[in-house]
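Visitor: Pasted the sequence and its predicted model underneath.
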Amino acid sequence: MSVPIIEIIRATVGLSIQDMGRTGTTAIGLSQGGAMDKLALIEAAALLGKTHPSPAIEFMGVGGSLRVLCDMAVALTGGEMTAKVGDRLLQWNATHTMNAGDILELSAPKSGVYAYVTPHAELATPRVFDSQSSHVSAGVGHWLQSGDIVNGTPMALARSLKIRAIDRLGGGTVRYLAGSQTDLFSGADLKRFHATPFRASHIANRRGVKVDFDGAPFTPQNAHGIVSDIIVTGDIQMTGDGEPYILMSECQTMGGYPRIGTVIPADLPILAQAKAGTPIRFEQITLEQADTIVADPITTMSLSTRLSTLIRDPSEISDLLSYQLISGAVTGNDDAAK
């Protein structure tokens, strides 16, 4: 039965409910949407013992606070925030059992941009095209506001686990596939594109991420006459000033800027989590290499080897005296006195 499970105490910019997004809607002008860092949702599912990712509350670059309205486990993944319940610090990339009335305070991410609180519950938010993700720019769902109540059906409390998260918060190499417009760029420009040390720009949101660089713009040859056509998440557009702009979860579905290629889905979390100034490089891979990556996806099962038991600090356990801490205790009046 669905009940109130979370109250938003302090909402900040870009707070929303996101899942893995929707498929099959490009033809009607609706892009995939969903979490910017979908890997964080897969890690949360592994922590909570689920076979498939479930919706989470996505924080975009800033903190916030929420009150848990029932006893429930939550998983904390993605961009690393400082998380506290009262004076107690909660480890990131881990599950925690929350008691009804607990207020979870979250700071802005210390590393990364997008952070996720995944309740161990079936959320009762509306499904649109088989997804519970908000896609506000398309009129689907809404930004969460202070005072909003999230309803759902709590599931059995999960084990306290932590996960060795896949490294993606410090930038790195982003792999991409050539496309139908790659040949518009000269061989010299392609070589320079691969050799250029880019850095994430402050111009970034759920629609796309711009990267800055030093040097001449990347100008396509014979680009006159390009007409708008279908674009997808991961496309690397070269804007009118010759600077790369990578389309992300809530990108438009039609566009006319020339595209040098398309970032593979596995590497989109690197771009999503890149704060301004984070180093980024691009590497073109073959279709065969991409197929190999797709054939071995990151799943909750493959992440199981990264899980371990979360050991709590005894000073943080309010009901410590209710636990039997010593096994084999005796009264002192037994055979030892004989």
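Guide: The structure has been received and is ready for your questions.

Visitor: Report the secondary structure state of residue 45.
Guide: With DSSP: H, G, I helix; E, B strand; the rest coil as the basis, residue 45 sits in helix.

Visitor: any idea how far it is from residue 9?
Guide: 26 Å (C-beta to C-beta, to the nearest Å). In short, each C-beta sits where N, CA and C put it, glycine included.

Visitor: Of the two, which one has the most company?
Guide: The residue with more neighbours, out of residue 45 and residue 9, is residue 45; 22 against 15, by other C-beta atoms under 10 Å.

Visitor: got a list of what the more buried one touches?
Guide: Residue 45 sits next to 51-54, 118, 300 when contact means C-beta atoms under 8 Å, 6 or more residues apart in numbering.

Visitor: With residue 5 as the reference, measure out to the spatially closest residue to residue 141 that is not a sequence neighbour.
Guide: Distances taken as C-beta to C-beta, 6 or more residues apart in numbering place residue 134 nearest to residue 141, at 2.8 Å, with adjacent residues excluded. From residue 134 across to residue 5, the span is 17 Å (C-beta to C-beta).

Visitor: what about the residue nearest to residue 141, how many residues close to it?
Guide: Residue 134 has 26 neighbours, counted by other C-beta under 10 Å.

Visitor: quick one: contacts for the closest residue to residue 297 other than its chain neighbours?
Guide: Leaving aside its sequence neighbours, residue 297 sits nearest to residue 266 (C-beta to C-beta, 6+ apart; 7.7 Å). By C-beta under 8 Å, 6+ apart, the contact list for residue 266 reads 175, 293, 297-298.

Visitor: among those residues, which are in strands?
Guide: Residues of the contacts of residue 266 located in strands (DSSP state E): residue 175.

Visitor: out of the contacts of residue 266, which is most surrounded?
Guide: Most surrounded of the contacts of residue 266: other C-beta under 10 Å gives residue 175, at 18 neighbours.

Visitor: need the contacts of residue 266 in JSON lines with pLDDT and distance to residue 147, can you?
Guide: Below are the contacts of residue 266 laid out as JSON lines (pLDDT from 0 to 100; distance: C-beta to C-beta, whole Å):
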{"residue": "175", "pLDDT": "98", "distance to residue 147": "43"}
{"residue": "293", "pLDDT": "94", "distance to residue 147": "43"}
{"residue": "297", "pLDDT": "91", "distance to residue 147": "39"}
{"residue": "298", "pLDDT": "93", "distance to residue 147": "36"}
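
Visitor: among the contacts of residue 266, which are in helices?
Guide: residue 293 (DSSP state H).

Visitor: got a markdown table for the contacts of residue 266, with distance to residue 21 too?
Guide: Below are those laid out as a markdown table (distance: C-beta to C-beta, whole Å):
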| residue | distance to residue 21 |
| --- | --- |
| 175 | 21 |
| 293 | 19 |
| 297 | 15 |
| 298 | 16 |
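
Visitor: Appreciated, that's everything.
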